[in-house]
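[1] Here is a sequence with its predicted model. Questions after.
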Amino acid sequence: MNKNDLFELTITDMGTGGEGIGKYEGMTFFVRDAVISDVILARAIKLKKNYGYARVEKILIPSPDRIEPECPQHRRCGGCQMQALSYEKQLEYKENKIKNALMRIGGFPEEELDAVMEPVVGMEHPYRYRNKAQYPVGYDRDGNVVTGFYAARTHCIIPVEDCLLGVEENKEILAVIRGWMEEYGIPPYDERTGDGMVRHILIRYGFTTKEIMVCLVVNADRLPAAQELTGRLQKIPGMTSISINVNMENTNVILGKRTECLWGQPYITDYIHLRKTGAPQEFELTDTAVAYHISPQSFYQVNPLQTEKLYSIALEYAGLTGKESVWDLYCGIGTISLFLSQRAKQVYGVEIVPQAVEDARENARLNGITNAEFFAGKAEEVLPEFYANSGGAFAEGDGTGMECSETDSETREADRADMRHPDVIVVDPPRKGCDMACLLTMLKMQPERIVYVSCDPATLARDLRVLCDGGYEVKKGRGVDLFGMTGHVETVVLIQRKDT
Ligand code: SAH
């Protein structure tokens, strides 16, 4: 076989990124935009020893699960991988993806998993679910300013006026910014030369409050014609926060360190756990609703409706009665922590981004929550350091040098003991999973239950193996689809100490 050869291929499986997989003459081929059970005419685009990459030249026999994608750009854009597969089958794919990772990477036997895994939680409407969009900015061939998405595996911008995963409001915001750039001669950033100014446009939308945040990521200390821009953007209903984020580095990382608010508040507010009324996207407050302030740099789940389901499962798995002390590692702006704190005695959150920790503390105040405390730092450092330093007697004081009465110090000692041996630990790490130092300290702390919320089944499986070898067993697990049309899936797993 040579590059560019055409051959017939039957798609028999789908990979972890949502790509089709088929075998031809002993070689495994990975094919974007092909779905399971398609028979295609494939064109080889890259060949390795035992495997290769191919393109769909023509669909010879479409899979019975193939549907017409809604977005005209789906084949060019790198954002979605599974639009051509029926949503039902996407969910089946995600359930299998979790199970396969737990079996192959975690070494958990299939029967054990079948006994504990619950069916994946799908979306009612798998489009227009994202509350956040990050559009790169560039020029097209004719020198017009374009906003859009990167083509799959490249940095070429495909103009996309209206991504169907995002909210409709994005379209007008982008048009205003492009118009302002053209009028005032503000150039897009050029990755190759490092020249130009506007790199990305970050938009966030509060689904329950309808508040909008716009943040321009710029390769400059300040923005020229800023008032002209904010004047126009302010007119868009719901506009609440307009800021710039300074990123002058030659990097793929979107956000730089410094954000400056140009107009309005430096954050938007959103709620989790509101009661939905009959009308679409209309909500009312409940007793357990939590309000969150979200800054441009802070992590906030992109799919608020499914996030609520995800957190409700995490809360159910945590099995709280009001007496427990709980660590929430990788806590972001305290989303899960504040949810948990309503049912726990005390929650301790740990998060690496200082701005997010400030948001978390502010969010606790905003909701009148006094039993949640937040620590800034890496989970793999904060937890082991706390554990190492909290072992002795505390009667001599806590190192702060503050005078306190005997009763105070007794209370503090009891608190420390609770923190050292919590009832529950919740973790929600980024894709790379938990650091070994973090996992080992968790094992030393011997919580009765650990709830692992994960955005990557592979690292979830790896980490669960470490925890289960350390004396825990999987009790329950469930996938939640937060990212319809893409190959990603969230998973929540409850593990419990074997001797409890
Ligand atoms: N639980 C939160 C955030 C989950 S995303 C929520 O549901 O909204 C993962 C979070 O982990 C991010 O906020 C990220 O900034 C943080 N993070 C990444 N590496 C970390 C580390 N080593 N220690 C602590 N937090 C980390």
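    Arrived safely.
[2] what's the neighbour count on residue 88?
    Residue 88: 11 surrounding residues under other CB atoms under 10 Å. For glycine as for every other residue, the C-beta is placed from the backbone atoms N, C-alpha and C.
[3] and if you look at residue 230?
    For residue 230, the neighbour count with other CB under 10 Å is 18.
[4] That one: helix or strand, and which one exactly?
    The secondary structure element spanning residue 230 is helix 226-233 (assigned by DSSP states H and E).
[5] could you list every residue that touches residue 355?
    295, 297, 298 (CB atoms under 8 Å, 6 or more residues apart in numbering).
[6] Closest to the ligand out of those?
    The closest of those to the ligand turns out to be residue 298 (CB to the nearest ligand atom; 7.1 Å).
[7] Look up how far residue 437 lies from the closest residue to that closest one other than its chain neighbours.
    Taking CB to CB, 6 or more residues apart in numbering, and ignoring the residues beside it in sequence, residue 298 has residue 356 as its nearest neighbour in space, at 4.4 Å. Counting by CB to CB, to the nearest Å, the gap between residue 356 and residue 437 amounts to 21 Å.
[8] low pLDDT regions in this protein?
    Low-confidence segments of the chain, defined by pLDDT under 70: 152, 274-285, 392-408, 500.
[9] out of the contacts of residue 355, which are inside helices?
    In this view, the contacts of residue 355 have no member that belongs to helices under DSSP state H.
[10] who touches the helix holding residue 230?
    In this structure, residues lying in contact with helix 226-233 by CB under 8 Å, 6+ apart are 173, 176-177, 179-180, 183-184, 214, 216, 223, 239, 242, 244, 262-263.
[11] Just the buried residues out of the residues you listed, in ChimeraX syntax.
    To isolate the buried members of those in ChimeraX, using 16 or more other CB atoms under 10 Å:
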select :173,176,177,180,214,216,223,239,242,244,262,263
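[12] Just list the residues touching the residue nearest to residue 295 when sequence neighbours are not counted, thanks.
    The shortest distance from residue 295 to any non-neighbouring residue, by CB to CB, 6+ apart, is to residue 267 (4.9 Å). Residues counted as contacts of residue 267 (CB under 8 Å, 6+ apart) are 213, 241, 293, 294, 295, 359.
[13] Just the C-alpha atoms of the longest helix belonging to the chain, please, in PDB.
    Using DSSP H to assign secondary structure, the helix with the most residues in the chain is helix 87-104. Provided in PDB are the C-alpha atoms of helix 87-104 (Å, rounded to 0.1, in the frame of the first residue of the first chain):
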ATOM      1  CA  TYR A  87     -27.000  10.600  19.400                       C
ATOM      2  CA  GLU A  88     -28.200   7.300  20.800                       C
ATOM      3  CA  LYS A  89     -25.200   5.600  19.400                       C
ATOM      4  CA  GLN A  90     -22.900   8.400  20.600                       C
ATOM      5  CA  LEU A  91     -24.100   7.600  24.100                       C
ATOM      6  CA  GLU A  92     -23.500   3.900  23.600                       C
ATOM      7  CA  TYR A  93     -20.000   4.700  22.300                       C
ATOM      8  CA  LYS A  94     -19.300   6.700  25.400                       C
ATOM      9  CA  GLU A  95     -20.500   4.000  27.700                       C
ATOM     10  CA  ASN A  96     -18.200   1.500  26.000                       C
ATOM     11  CA  LYS A  97     -15.300   4.000  26.100                       C
ATOM     12  CA  ILE A  98     -15.500   4.200  29.900                       C
ATOM     13  CA  LYS A  99     -15.900   0.400  30.300                       C
ATOM     14  CA  ASN A 100     -13.100  -0.400  27.900                       C
ATOM     15  CA  ALA A 101     -10.700   2.000  29.700                       C
ATOM     16  CA  LEU A 102     -11.600   0.500  33.100                       C
ATOM     17  CA  MET A 103     -11.100  -3.000  31.800                       C
ATOM     18  CA  ARG A 104      -7.900  -2.500  29.700                       C
END
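[14] For the next helix or strand after that helix, name the packing helices and strands.
    Per DSSP H and E, the first helix or strand lying C-terminal to helix 87-104 is helix 110-116. Using 3 or more CB pairs under 8 Å, 6 or more residues apart in numbering; DSSP states H and E as the contact criterion, the elements in contact with helix 110-116 are helix 87-104, strand 472-480.
[15] relative to helix 87-104, how tilted is the last one?
    Meaning strand 472-480. Taking axes from the mean of the first three to the mean of the last three CA atoms, to 10 degrees, strand 472-480 and helix 87-104 form an angle of 160 degrees between their directions.
[16] Walk me through which strands strand 472-480 pairs with, and which way each runs.
    strand 117-121 (parallel), strand 490-497 (antiparallel) (DSSP bridges).
[17] check whether the last one contacts the ligand.
    No: in this structure, strand 490-497 remains apart from the ligand according to CB under 6 Å from any ligand atom; the gap is never smaller than 9.5 Å.
[18] what comes into contact with that strand?
    In this structure, residues lying in contact with strand 490-497 by CB under 8 Å, 6+ apart are 98, 306, 310, 313-314, 317, 446-455, 457, 460, 464, 467-468, 471-483.
[19] Quick one: buried ones out of those residues?
    If we count by 16+ other CB under 10 Å, the contacts of strand 490-497 have these buried: 98, 306, 310, 313-314, 317, 446-455, 457, 460, 464, 467-468, 472, 474, 476-483.
[20] Touching the longest helix of the chain from outside, list them.
    Contacts of helix 87-104 with the rest of the structure, by CB under 8 Å, 6+ apart, involve 14, 16, 18, 35-36, 65, 82, 85, 108-110, 113, 117, 119-120, 122-123, 126, 457-458, 460-461, 464, 477, 479, 481, 484-485, 487, 489, 491.
[21] in it, what's buried?
    Neighbour counts over helix 87-104 (16+ other CB under 10 Å) mark 87, 89-95, 97-102 as buried.
[22] Parallel or antiparallel, list what pairs with the longest strand anywhere in the chain.
    For the chain, the strand with the greatest residue count under DSSP state E is strand 51-61. According to DSSP bridges, strand 51-61 has the following sheet partners: strand 27-31 (parallel), strand 39-47 (antiparallel).
[23] re earlier: so of the buried ones among the contacts of strand 490-497, which ones are in strands?
    Among those, the subset assigned to strands under DSSP E consists of 449-454, 472, 474, 476-480.
[24] Farthest-apart pair in these, please.
    In terms of CB to CB, these reach their longest pairwise distance at 472 and 480, which sit 21.6 Å apart.
[25] Contacts only, for residue 236.
    Applying CB under 8 Å, 6+ apart as the definition, the contact partners of residue 236 turn out to be 169, 172, 173, 176, 212.
[26] before we move on, what SS does the residue most central in space within the chain have?
    What sits nearest the mean C-alpha location of the chain, by CA atoms, centre = their mean, is residue 301, with 5.1 Å. The local conformation at residue 301, judged by DSSP: H, G, I helix; E, B strand; the rest coil, is coil.
[27] isn't it right next to residue 307, touching?
    Yes: taking contact to mean CB atoms under 8 Å, the distance of 4.0 Å between residue 301 and residue 307 places them in contact.
[28] before we move on, back to that, can the contacts of residue 267 go into a markdown table with extra columns for neighbour count and distance to residue 130?
    Formatted as a markdown table, the entries for these read as follows, by neighbours: other CB atoms under 10 Å; distance: CB to CB, whole Å:
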| residue | neighbour count | distance to residue 130 |
| --- | --- | --- |
| 213 | 26 | 14 |
| 241 | 22 | 18 |
| 293 | 21 | 20 |
| 294 | 25 | 14 |
| 295 | 24 | 18 |
| 359 | 27 | 20 |
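[29] ok so, going back, I'd like the distance from the longest strand of the chain to the chain centre, please.
    31 Å (CA atoms, centre = their mean, to the nearest Å).
[30] What are the buried residues along it?
    Under 16+ other CB under 10 Å, the buried positions of strand 51-61 are 52, 53, 54, 55, 56, 59.
[31] ok, now stretch 429-438?
    Going by neighbour count (16+ other CB under 10 Å), the buried part of stretch 429-438 is 429, 433, 434, 435, 438.
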